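Enquirer: Sequence first, predicted model second:
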Amino acid sequence: MSRELLELILPRLAKRLNRQLRRYRSGSLSEKSFSARFESLLQEQHAWLANKGYPEIDAAVAVHAAVLVLSGPGLRAEAEEESVPLEVVEYRAVRAAAADVAENFGVSERGATKRISSLVACYAE
């Protein structure tokens with residue numbers, strides 16, 4: 001899987017996620033509704049990539065990596081709040097994403113961690 005797949009999904013996901021975040025922050029969406037819509041959005045993006053002919057595992061890894069890239073500001077804030085290096089928070093997030101991929105696609109968590117972290121590293125600041 002290449003960086004190209006991530007670059008394909010990032011703009012689509014960013015646009016839709018931003019729209020949902022604005023609605024949540026304005027009070028138009030409850031936390032429960034936001035979570036449900038966020039989950040649905042991720043599933044839609046995964047399905048879109050799969051329909052484009054990408055293997056399902058590659059699509060899942062790309063969607064998870066894109067979410068982590070887009071979550072960068074939140075991860076930095078969390079690291080600051082906890083007074084830990086950003087890498088600690090990023091690693092926990094990557095491991096959680098990898099655990100989800102491993103559970104749902106029957107791959108090793110270690111392999112999923114490696115794939116997700118390599119994509120996220122492409123966008124490290």
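Expert: All right, it came through fine. Remember, it's a predicted structure, so these values are computed and weren't measured experimentally. Residues are numbered from 1 along each chain as shown.
Enquirer: same for the longest helix anywhere in the chain, what does it pack against?
Expert: Counting residues, the longest helix found in the chain (DSSP state H) is helix 3-25. With contacts taken as 3 or more C-beta pairs under 8 Å, 6 or more residues apart in numbering; DSSP states H and E, helix 3-25 sits against helix 31-51, helix 56-70. C-beta here means a position set from N, CA and C on the backbone, and glycine is covered the same way.
Enquirer: helices or strands up against the longest one?
Expert: Same thing as helix 31-51. Judged by 3+ C-beta pairs under 8 Å, 6+ apart, the packing partners of helix 31-51 are helix 3-25, helix 56-70.
Enquirer: Run through the residues that contact the spatially most central residue of the chain.
Expert: Geometric centre of the chain, nearest residue: Val67, 2.2 Å, by C-alpha atoms, centre = their mean. Val67 makes contacts with Leu13, Leu42, Ala97, as judged by C-beta atoms under 8 Å, 6 or more residues apart in numbering.
Enquirer: same thing but at 7 Å, please
Expert: By C-beta atoms under 7 Å, 6 or more residues apart in numbering, the contact set of Val67 is Leu42.
Enquirer: Same question for Arg95.
Expert: When contacts are counted by C-beta under 7 Å, 6+ apart, Arg95 touches Thr113.
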